[in-house]
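*Asks:* 3D, please:
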Amino acid sequence: QVQLVESGGGLVQAGGSLRLSCAASGRTFSSYAMGWFRQAPGKEREFVAAISWSGGSSHYADSVKARFTISRDNAKNTVYLQMNSLKPEDTAVYYCAADFGPGSAFADEYDYWGQGTQVTVSS
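*Replies:* As a prediction, this is how the structure comes out:
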């Protein structure tokens, strides 16, 4: 079992920044890839970013490339999402998830999920 708890969400003006954190407990954190997804009201959950178990590779949705950065600290059992140049369309509930595979862009391939943290970007 893996437990995931997100934090760091909030209200920010367009152009601002936030850093989300996801603290993991349970199985060895460094044994799985991690991903961030988001879901806006009335929309399907969408992929944001993923990072390999070692942190050596990552990939992003086109909509967030060059603005968001995913990272992880295996010593702290935590994955981060640094979000810069935020836009109103980034408003959503953000979820972290654990993948015992390589770190997919598909939500169905993730094994464990956090409860989500709300990010609201005002114009």
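*Asks:* just the element for the residue nearest to Leu81 when sequence neighbours are not counted, please.
*Replies:* Spatial nearest neighbour of Leu81, excluding adjacent residues (C-beta to C-beta, 6 or more residues apart in numbering): Leu20 at 4.3 Å. For the C-beta atoms, the positions are set from N, CA and C on the backbone; glycine is no exception. Using DSSP states H and E, Leu20 maps to strand 18-26.
*Asks:* now the residue nearest in space to the middle of the chain: how far from Ser123?
*Replies:* Nearest to the mean C-alpha position of the chain, by C-alpha atoms, centre = their mean, lies Trp36 at 2.4 Å. Using C-beta to C-beta, to the nearest Å, Trp36 is found at 23 Å from Ser123.
*Asks:* try Trp53
*Replies:* Counting by C-beta to C-beta - Trp53 and Ser123 are separated by 38 Å.
*Asks:* neighbour count: the two, which is higher?
*Replies:* Trp53 (21 against 9; other C-beta atoms under 10 Å).
*Asks:* which residues sit in contact with that one?
*Replies:* When the contact criterion is C-beta atoms under 8 Å, 6 or more residues apart in numbering, the partners of Trp53 are Ser30, Ser31, Tyr32, Ala33, Gly103.
*Asks:* change it to 10 Å
*Replies:* 28-34, 72, 74, 98-103 (C-beta atoms under 10 Å, 6 or more residues apart in numbering).
*Asks:* most widely separated two among those?
*Replies:* The most widely separated members of these are Asn74 and Gly101, with 17.4 Å between them, by C-beta to C-beta.
*Asks:* ok, of the contacts of Trp53, which come out buried?
*Replies:* Phe29, Tyr32, Ala33, Met34, Arg72, Ala98, Asp99, Gly103 (16 or more other C-beta atoms under 10 Å).
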